[in-house]
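Asker: sequence and predicted structure below; questions after.
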Amino acid sequence: MTRVSVPVGVAAAILLSLAATASGVAQTLRIAMTAADIPTTSGIPNNGGEGYRFLGFPAFDGLVDWDFTHPNQIAGLTPGLATAWKIDPADHTRWVFTLRQGVKFTDGTDVTADAIVWNLRRLYDDKSPQFDPAASAIVRSFVNMVGHWQKVDDRTVAIYTKSPFSFFPYMVPNILIVSPTEWEKSGHSWTEFAKHPAGTGPFQITQVAPGQFAELTRNPNYWDKTRIPKLEKMIVIPMPEPTTRLAALRSGEVDWIEVPPPDAIPSLKAAGFQISLWPYPHVWPYIYKVTDGSPFADQRVRQALNYAIDRDTIVKFLNGTAKPAYGVYPPDNPYFGAPELRYGYDPAKAKALLKAAGFGPDHPVKAKIMISTAGSGQMLPLPMNEIIQQQVRPLGFDLQFDVVEWGTMLVAKRSAPEAPASHGDDALNNSLGFADPAVMFRYFSKASFSPDGINWGHFYDPKVDELLTKAQQSFDPKTQAEFLAQAHGLVVDDAAWLFIVHDLNPRALSPKVKGFQPAQSWYQDFTHVTVE
Amino acid sequence: MARFVAARLLHTVLILFGVSLVAFALIHMIPGNPLDILLPPEAPKSVVDRLRSEFGFDRPLYIQYLSWLGRVLRGNLGTSVFTGREVTHELLRALGNTLVIAVPAAVLGFGLGIALGAAAAFNYGKATDRLISAFVILGLSVPHFWLAIVLVILFAVEWNLLPAEGMGGTGGFPTSWDSLRYLILPVLTLSMIPMGVVGRMVRSTVLEILGNEFPTALRAKGLMPRRIVFHVLKNAAPPTLAVMGLQLGYLLGGSILVETVFNWPGCGQFMNLAIFRRDIPVLQGTVLVLASFFVLINLVVDLVQALIDPRMRR
Amino acid sequence: MADITALQPAATAADAPRGAAGRSYWATVGERLRRDRLTVAVGGVVLAIVALAVFAPWVATHDPLDGSVLRRLQPIGTPGYFLGTDETGRDIWSRLVYGGRLSLFCGMTPVLLATAFGGVLGLVAGIGGRLLNSLVMRVVDVFYAFPSVLLAIAICGVIGAGIANTILSLTVVFIPPIVRVTESLTRQVKSRDFVEAARASAAPMHAIIRHQVVPNVLGGILVYATSLVGISIILSAGLSFLGLGVTPPDPEWGLMLNALRQSIFVSPIVAALPGVAIVVTSLCFNLLADGLRSAMDIKLPT
């Protein structure tokens, strides 16, 4: 990688690690993100996954945290600022959290039950002085079931959900806790607070240069002694252009890039860079519109398309940075269930199903798919879709694309399929996650029909609905899992979506970066990473 | 002259008003509002709509426009929906960053353009003219975002001589050789089109002047060749200045493509981000400020033209 | 973004005394053109490019939409795909010639439309009195400031992405500078002696415009507009780069350049081919414009 004189390389490196120690040994990790701007640093980051990944969980904790220590399964939950939580057996809407003692914010003040309540009011009480409309909206889009709360005593806080919701603990990590004192010292302004935030995380956000980078520094007083960072500093830089990220990595300006262009992977490997791939709860589908009049209203057509695409070729195009998807969950996931149909590339089956539905190569299914030019988790939408289009054409599918930019797709996704914002399209190519068990309800239940929820295609199966509702109200993990698995099996058989691939969270690291073990999560643990 | 200036200044106010109206209309033609992008995809429409109300984006358009106008007249350009920071502050920062590369690019581009254009014209008909002209036109013909990528690959990745992207973490004006290195590739890329445009303009205008009798007459009067060149260039100035003014305007607005490839946090990226994020307050404010620059530059150019060539007065 | 006012037109028909050698101005221009070998050659290249685009179905070797991931990013000289294949395995040569249709169309149409509309506006502003001039020029000033991206995405919101969006946005972007140049030219011509003479002879206004003003302005505008074609192609490539222009899988040089830019590390030469097409086309149009201009400026020796 460095074929050039050492002084030039070091000068470039030191420039970005502003607080490099005088001795020149800088345990600084410089990361290039795909985000176009620095996510907000007030404790509730905007900018989706990357926001929480770099400026959320590294610097703040919730009552419950994600567990990064079991990389061979989807990241579960682990105690955060609460050491334990349980449902009140007498009232299934009441969750009781026992707080961890002795934790301090990075400004030195204590994490008390009052502080927790203060943070809840920031997000849910629009009459409170600390109410933050933008942060509130971001959190409430996931965690909309919080009703009210109660400080039981100095060690205990209770939170009430509006109705019994067994998956509530999975929502709690999104509520990151910040220091009320720091906010007050910032003149009661969240914008000011964001310039020097105080949280409880393994890192502390120490500098934000708008438009350029954000710097996090190790918090030596972190309450979890097994996760005190080995790094001195972490610098995150927004770099939305993939070729720029690649050039920055190859020239040594950064040590780590998110989402390298798949085509560059062989040459990166040859040059000694490390490619990190690991499954995580991501799926890249077409969300079918199943309402009357749509070409996908017919189940046979939906299933036929699932047999018509060659997922392995797509994976090959992506140079192995994805794996085939046969459902919302991958087959090795406990919620996958036992669907009767196992999809894969089977042109004969596809043609047979199409024929039964009255279509064929000379009378193809005409469908318009909305695809985006970019977007969080969208991978490489244009070439991937072109490949699909090419693959299915000879089998009897005439797919046309409605190419929109990301904002337009978000608007469409939240609108009813017949609304003008959906452009009359028959499917949406929109990637989705499944980090918490409540997702199936959000994607497939009648209550989640857009525009009220994000079941854009208006998929509805009464059996599935019943199973998902029962899962939400069952507080025994085993029965929850059974209901969800059954529901998933039905969803797969009914071909609610075209299941295409799961992304494998690709990142490219300089050979100097050691100690990173990816977790099966949209978020990651940076505390064991070192830079030589 | 004073009347001319006063009239044009009055026009400027009207123009800016028109600009703000058209910008407002354009921005609201774009589907979606900032909350659609700000909130995660999982956010249902009801949450989006509620936040829209809180930010005031659901009020009738003319009310939104008027209240924005009111604030602007008091000097407040509003705050960004995404960062919560003041538009004025953010815009000045982005503009400053753009100036860091726009001004050197203008100087380099104009300087090269004038020199090359004049050299080509004075050597009209010879191979030198053809060669120089081809080079100058090349500056106009190569897609500059593509050139940027190629330059980065060559100088940063392959030869590791210059940085691949960014400003070097210092922001503002470069204070050391290290910071200057970050400027080299962006400035080079940005200077291509101004060089091409100004070069062609100068060549064309000088040719026209050379075709007139007066250089011959000047020669007959015994003027040294160097003084003739000076006279010719002086006469070529008005149209060249007009073109330079336009180019400066475009450079100040920031080249979205170049700034994207070089990850340069300037005005182009700022505007681009605001467009794709539907950050309405930022967009309105930025368009207004940039429009003012354009109009002012055009005004100065018209003034200078009128000073140099009385026939050009209106 | 890119610049617009690139040229000031040269001496025109007004400066050529008619009938000196029994020849009209335009015949002289044609004669000078024929003697300018570089311009003739460049003109030939332009014709060739246009011909390739027009006759694409006969010249292409494959279906431009037919691809296979198994043969993606093949190098130049691959049997059957002599210019290589793109990121989804489609033949580059075929996509280049078919792409020429869209690229040339997106390059020329906005210029034609803007010249028609802007030219008339500029004429009116140049001839009209101070009030009309101010009105037109100030309205035009309003539109100068708008970045083409903002326009494109706004129009996109109404009519969707695609060719219509590109054409409309670029036309709007080109109108202000064309108006400015036309107005400037018209004012210059208006103050010339022969126009004064015509007015003194009490000729009707519309006749003056038709016979004196327009012929002299037209030459200059045509030359100026030709030089805009190259810039138009580059701008529409830029719009595709941002996802606002032509949509896949349609072949268009700018879109191809955009799509291939990530492959620049794997197959740099193939990734550069659409760029070469753009450069050559733009170069030729610009050189053609220069040659036309030189031919029309008959004070200069050939």
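Answerer: Now that the structure is in, tell me what you want to look at.
Asker: neighbours of A:Asp154, just the number please.
Answerer: 11 (other Cβ atoms under 10 Å in any protein chain shown). Every C-beta, even on glycine, is put in place using the N, C-alpha and C of the backbone.
Asker: what bits of the chain have low per-residue confidence?
Answerer: Just going to use chain A. A:1-26 (pLDDT under 70).
Asker: not quite, go with chain B.
Answerer: Looking at chain B by pLDDT under 70, you get B:169-175, B:212-215, B:218, B:222-224, B:238-239, B:309-314.
Asker: show me where it has its helices.
Answerer: Along chain B, counting by DSSP state H, helices occupy B:2-29, B:34-38, B:45-55, B:61-73, B:87-122, B:127-141, B:144-152, B:177-211, B:214-220, B:225-252, B:256-262, B:267-277, B:280-308.
Asker: any idea which of the ones you listed gets closest to chain A?
Answerer: Chain A sits nearest to helix B:45-55 of all the helices of chain B, at 3.7 Å, using Cβ to the nearest Cβ.
Asker: contacts for that closest one, please.
Answerer: By Cβ atoms under 8 Å, 6 or more residues apart in numbering or on different chains, the residues outside helix B:45-55 that reach it are A:133-134, A:137, A:140-141, A:144, A:414-415, A:450-452, B:33-36, B:38-39, B:58, B:81.
Asker: of the residues you listed, select the buried ones using a ChimeraX command.
Answerer: Those of these that count as buried under 16 or more other Cβ atoms under 10 Å in any protein chain shown are selected in ChimeraX with:
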select /A:133,134,137,140,141,144,414,415,450,451 /B:33,34,35,36,38,39,81
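Asker: name the nearest residue to residue 46, ignoring sequence neighbours.
Answerer: Assuming you mean chain A. A:Thr40 (5.0 Å; Cβ to Cβ, 6 or more residues apart in numbering or on different chains).
Asker: my question was about chain C
Answerer: Using Cβ to Cβ, 6+ apart, the closest residue to C:Val46 is C:Cys284 (4.9 Å).
Asker: same question, A:Asn455
Answerer: The nearest residue in space to A:Asn455 (Cβ to Cβ, 6+ apart) is A:Ser448, at 4.1 Å.
Asker: around the one you found, how many other residues sit close by?
Answerer: 21.
Asker: contacts only, for it.
Answerer: Neighbouring residues of A:Ser448 by Cβ under 8 Å, 6+ apart: A:Phe441, A:Arg442, A:Ile454, A:Asn455.
Asker: then A:Pro364?
Answerer: Residues in contact with A:Pro364 (Cβ under 8 Å, 6+ apart) are A:Arg393, A:Gly396, A:Phe397, A:Asp398.
Asker: bridging residues for the nearest residue to it once chain neighbours are set aside?
Answerer: Nearest non-adjacent residue to A:Pro364, counting by Cβ to Cβ, 6+ apart: A:Asp398, 4.2 Å away. Beta bridges link A:Asp398 to A:Lys366, judged by DSSP bridges.
Asker: and for A:Asp398, the neighbour number?
Answerer: 16.
Asker: give the contact list for it.
Answerer: A:Pro364, A:Val365, A:Lys366, A:Ala367.
Asker: ok, of the residues you listed, which come out buried?
Answerer: For the contacts of A:Asp398, buried by 16+ other Cβ under 10 Å: A:Pro364, A:Val365, A:Ala367.
Asker: give the bridge partners for the closest residue to A:His70 other than its chain neighbours, please.
Answerer: Taking Cβ to Cβ, 6+ apart, and ignoring the residues beside it in sequence, A:His70 has A:Gly76 as its nearest neighbour in space, at 6.9 Å. On the basis of DSSP bridges, A:Gly76 is bridged to A:Asp67.
Asker: can you get me a residue count around A:Gly76?
Answerer: 14.
Asker: swap in A:Thr291?
Answerer: 16.
Asker: spell out which parts of the stretch 201-314 of chain B neighbour chain C.
Answerer: The stretch 201-314 of chain B comes close to chain C at residues B:201, B:204-205, B:207-208, B:210-212, B:239, B:242-243, B:246-247, B:249-250, B:253, B:255-257, B:271-272, B:275-276, B:283, B:287, B:290-291, B:294-295, B:298, B:311-312, B:314, as judged by Cβ under 8 Å from any Cβ of the partner chain.
Asker: just the closest residue of the stretch 401-532 of chain A to chain C, please.
Answerer: For the stretch 401-532 of chain A, Cβ to the nearest Cβ, closest residue to chain C: A:Val403, 4.1 Å.
Asker: looking at it, that residue is touching A:Thr373, isn't it?
Answerer: Yes - contact status for A:Val403 versus A:Thr373: in contact at 6.4 Å, counting by Cβ atoms under 8 Å.
Asker: neighbour-wise, which of those two wins?
Answerer: Per other Cβ under 10 Å, whichever of A:Val403 and A:Thr373 has more neighbours is A:Val403, with 24 against 21.
Asker: how about the strands in the stretch 351-500 of chain A?
Answerer: Ranges of strands within the stretch 351-500 of chain A are A:365-372, A:397-404, A:427-429, A:432-433, A:497-503, based on DSSP state E, counting those that start in this stretch.
Asker: partner strands of the last one and their direction?
Answerer: To tie it back to what came earlier, the one meant is strand A:497-503. Going by DSSP bridges, the partners of strand A:497-503 are strand A:282-288 (antiparallel), strand A:322-324 (antiparallel).
Asker: residues in contact with the longest one?
Answerer: Read that as strand A:282-288. So strand A:282-288 is in contact with A:294, A:296, A:302, A:305, A:322, A:325, A:328-329, A:369, A:377-379, A:384, A:426-434, A:456-457, A:459, A:495-503, A:505, A:522, going by Cβ under 8 Å, 6+ apart.
Asker: need the residues of chain A near chain C, please.
Answerer: Listed as neighbours of chain C in chain A under the rule Cβ under 8 Å from any Cβ: A:242-243, A:246, A:261, A:263-264, A:266-267, A:313-314, A:316-317, A:373-374, A:382-383, A:385-387, A:389-390, A:401-405, A:408, A:423.
Asker: switch to 7 Å and redo it
Answerer: Contact residues (Cβ under 7 Å from any Cβ of the partner chain) of chain A with chain C: A:242-243, A:261, A:263-264, A:267, A:313, A:316-317, A:373, A:382-383, A:386-387, A:389-390, A:401, A:403-405.
Asker: ok, how many other residues are close to C:Ala200?
Answerer: So C:Ala200, with other Cβ under 10 Å, has 8 neighbours.
Asker: what of A:Glu184?
Answerer: 13.
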